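> Based on what follows, work out the 3D shape:
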Amino acid sequence: MFRRCCRRLCAVERAVEEFDAVVIGGGPAGLATAIRLKQLANGREDFRVALVEKGSEIGAHTLSGACIETHALDELLPGWKEMDHPIKQHVVSDEFHFLTEKSHYKSPWLPPLIHNEHNYIVSLGAVCKFLGERAAEAGVEIFPGFAAAAPVISDDGKTLEGVQLHDMGINKKGVKTEQYEPGMIFKAKQTIFAEGSRGSCTKKLERHFKLRGPNNFQTYALGIKEVWEVPKEKHLPGHIIHTAGWPLTAPGHENTYGGSFLYHFGDGLISTGFVTGLDYSNPYIRPYMEMQKWKTHPFIAEMFKGGKPLYYGARTLVEGGYTSIPKLHFPGGVLVGDCAGFLNMPKIKGTHTAMKSGMLAAESLYEHVFTKENVAGVDCKQYYDAFRGSWLHDELYQVRNCRQAFTKNFYFGCAYTGLTATILKGREPWTWHHHKPDHECLKPAAESKEIEYPKPDNVLTFDLLTNHSRSGTAHNADQPSHLKILNYEQAHTVNLNVYAGPEGRYCPAQVYEFVDNGKGGKKLVTNPQNCLHCKACDIKDPRQNIDWHTPEGSGGPNYNASM
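Below you'll find the predicted structure:
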């Protein structure tokens, strides 16, 4: 039921809706959490579960390769294969190639970690729509187009009470318009955060509840993705190719981590992407242009010959693995999925791990909170115990040192990952920490080599804004910027003068530009309406001078079901 209230520190009267559980985020982790909670409730109509999704619909903001394992899905929905589902394309063949500038070398052997036998090539957005339908059938109350703006903390600061949704109808000057509607407060006994990589509410919770300790930071990569339609004679349904090496081995990259994928699926479609580790040191690196350059390699270009690009998108990936997982629980809530860091980097997979984390959270909360205590604000420590006792823990623990090995040297990383996959299997007696947060890795521009990128030919390679038009991105233009520059002077004295304006290079949506100020210098201009919600700026800014917030609900990319 609704009631009216006045929150502290805020003169705005807000409607409040109360639930047993509120899930923030409609990706695989959030949907699995919500479905599992309703399964455990077994038809209890008084047990209310809400799911809040900032995209215009379930799947609109979901972007991945995606080649998925169905381990967790088999557990969640044992009969899913008999349902009307979008998981159609079996993997039929796997290849791994190392690229030099002009040649390529096919690996005669694939480590078990990247074998994709029994896996499927899918549109993860379509899978999420399928899961959203199952959630609605189970009785989950789904709220697409609503963004969670901030956690709601108790007056004594000790407990999470729920979330406040984003206000609507405030113009870019910060003035309330006639369309103003204050964001509601969704209160819950437990709030489950499944915001994905670098969630804005999760950041606040990590600080408030001190969920991260020393050396427990996350490390990220930026993935650029395109979907192409190619001629039938070039299409090999179920075929997968991964590559490493060039162009990230070219001069100026200094051991930059990354690689690519090509997944053949659907009716003549290739899902392709290029991933660049955000711990790179050269401020002249442009992850978007690394992908365009990669496509010019003779081996790669041939696959796209006669084809056309259909869709574009970008997102960040959590790559830190086991050693970057924060404390998962706090009074009144838990973290699941990518916002907690449950991606298996060597496998290049995170859907099954995200879903399993949500299922473990749901089972722990239902048994130890909703069945036993059934009061608000419980710190569900049993969730971590459940994680420790699961196959999810074992899978991530086994590869806990792999990403760190690549930081030492690319070839050492390959050798160590192969050794771990085949012999050690996580039994090594050491655990390495990551060397430093991504934003601390940039070198000054004066110490770095400028990198040449190909001029777009509009056939194989494209300028950023042309590709961006294929993402379906749209925001209400008359709203305050959701990208908060904390200190504009620092953007010039540090970012521009020391690092040559790296935000204009790492952003895959041309949100940030240094333009002529009319006085012989440069000024920073932002285009928040372009934002793809990847949050690379929040991650990579060298002084953490950019704070990414959610914009009004429904804003952002609207990825096609084939993405």
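> correct me, but F330 touches G377?
No - using CB atoms under 8 Å, F330 is not in contact with G377, being 9.8 Å away. For the C-beta atoms, the positions are set from N, CA and C on the backbone; glycine is no exception.
> Pull up the overlap in contacts between the two.
L160 (CB atoms under 8 Å, 6 or more residues apart in numbering).
> Between those two, which has more neighbouring residues?
Ranked by neighbour count (other CB atoms under 10 Å), F330 and G377 place F330 first, with 23 against 17.
> Could you report the separation of that one from G341?
16 Å (CB to CB, to the nearest Å).
> How about E95?
29 Å.
> Those two: which is more packed in?
Legend: neighbour count by other CB under 10 Å for E95 and G341, higher for G341 (26 against 13).
> Show me where the stretch 151-300 of the chain has its strands.
Ranges of strands within the stretch 151-300 of the chain are 160-165, 168-170, 176-181, 185-193, 220-229, 239-245, 258-265, 269-277, based on DSSP state E, counting those that start in this stretch.
> Those: which one's closest to L524?
strand 220-229 (20.3 Å; CB to CB).
> show me the contacts for the most centrally placed residue in the chain.
By CA atoms, centre = their mean, the chain has its centre lying nearest to S197, at 3.8 Å. Taking CB under 8 Å, 6+ apart, we find S197 in contact with 220, 315-318, 338-339, 534-535.
> Relative to I114, which of those residues is nearest.
L317 (15.7 Å).
> which residues sit in contact with the closest residue to that closest one other than its chain neighbours?
Among residues not flanking L317 along the chain, A221 sits closest, at 4.7 Å (CB to CB, 6 or more residues apart in numbering). Contacts for A221 (CB under 8 Å, 6+ apart) come out as 257-258, 275-278, 316-317, 319.
> Kindly recompute the last result at 6 Å.
A221 sits next to 275, 277-278, 317, 319 when contact means CB atoms under 6 Å, 6 or more residues apart in numbering.
> so can I have a markdown table of those residues showing neighbour count?
Below are the contacts of A221 laid out as a markdown table (neighbours: other CB atoms under 10 Å):
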| residue | neighbour count |
| --- | --- |
| V275 | 25 |
| G277 | 24 |
| L278 | 25 |
| L317 | 21 |
| E319 | 27 |
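> need the strands for the stretch 451-563 of the chain, in chain order.
Here the stretch 451-563 of the chain has its strands, by DSSP E, counting those that start in this stretch, at 483-485, 512-516, 522-526, 546-548.
> right, and these - which one's nearest G266?
strand 546-548 (32.2 Å).
> Report all helices and strands that that closest one contacts.
Here strand 546-548 touches helix 536-540, going by 3 or more CB pairs under 6 Å, 6 or more residues apart in numbering; DSSP states H and E.
> List the contacts of the helix it packs on.
Here helix 536-540 makes contact (CB under 6 Å, 6+ apart) with 198, 220, 222, 278, 316, 438-439, 503, 506-507, 546, 548.
> what's the closest of the strands of the stretch 151-300 of the chain to L40?
Proximity to L40, assessed across these by CB to CB, is greatest for strand 185-193 (12.9 Å).
> Provide the contact partners of the closest one at residue level.
14, 16-24, 33, 152, 160-164, 202, 333-336, 339, 361, 365, 369, 376.
> what's the distance between R212 and L328?
Here R212 is placed at a distance of 11 Å from L328 (CB to CB).
> Neighbour count: those two, which is higher?
Taking other CB under 10 Å, R212 and L328 do not tie; L328 has more neighbours (23 against 15).
> which ones are touching the more buried one?
L328 touches 334-335, 340, 383-384, counting by CB under 6 Å, 6+ apart.
> swap the cut-off to 7 Å and go again
If you count contacts by CB atoms under 7 Å, 6 or more residues apart in numbering, L328 has them with 334-335, 340, 383-384, 387.
> for the stretch 351-500 of the chain, what spans make up the helices?
Using DSSP state H, counting those that start in this stretch, the helices of the stretch 351-500 of the chain run over 351-365, 382-388, 391-398, 402-408, 410-419, 464-468, 488-490, 497-499.
> in the last one, what counts as buried?
So the one you mean is helix 497-499. 498-499 (16 or more other CB atoms under 10 Å).
> and if you look at stretch 544-563?
545-546, 548-560, 562-563.
> Mean confidence (pLDDT) on that stretch, please.
Regarding stretch 544-563, the rounded mean pLDDT is 94.
> Quick one: end-to-end length of that stretch, please.
Across stretch 544-563, the terminal residues are separated by 31 Å (CA to CA, to the nearest Å).
> Same check on stretch 115-131?
Terminal residues of stretch 115-131 lie 26 Å apart, using CA to CA.
> Ok, stretch 159-177 next?
Using CA to CA, the end-to-end distance of stretch 159-177 comes to 34 Å.
> Ok, stretch 177-195 next?
Using CA to CA, one end of stretch 177-195 lies 29 Å from the other.
> burial measure for the residue nearest to I170 when sequence neighbours are not counted, as a count.
Leaving aside its sequence neighbours, I170 sits nearest to K176 (CB to CB, 6+ apart; 5.7 Å). By other CB under 10 Å, 14 other residues sit near K176.
> K176 and G145, how far apart?
Taken as CB to CB, the span from K176 to G145 is 20 Å.
> same question, G43
28 Å.
> quick one, what contacts Y105?
Y105 is in contact with 97-98, counting by CB under 7 Å, 6+ apart.
> For it, which three-state class applies?
strand (DSSP: H, G, I helix; E, B strand; the rest coil).
> who does it bridge with?
Under DSSP bridges, the beta-bridge partners of Y105 are F98.
> Okay, it and I241: tell me how far apart.
Taking CB to CB, one finds Y105 at 13 Å from I241.
> anything in contact with each of the two?
Among the neighbours of Y105, those also in contact with I241 (CB under 7 Å, 6+ apart) are H97.
> which residues of the stretch 101-250 of the chain score low on pLDDT?
The stretch 101-250 of the chain contains no residues with pLDDT under 70.
> ok, 90 please
Applying pLDDT under 90 to the stretch 101-250 of the chain flags the ranges 109-115.
> thinking again about what came up before, could you redo the contacts of helix 536-540 as TSV and give each row distance to G139?
Conversion of the contacts of helix 536-540 to TSV gives the following (distance: CB to CB, whole Å):
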residue	distance to G139
R198	31
Y220	35
L222	37
L278	40
T316	33
D438	41
H439	42
E503	44
Y506	42
C507	40
I546	40
W548	33
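> which of those lies closest to P111?
Distances from P111 to those, taken by CB to CB, are shortest for Y220, at 23.2 Å.
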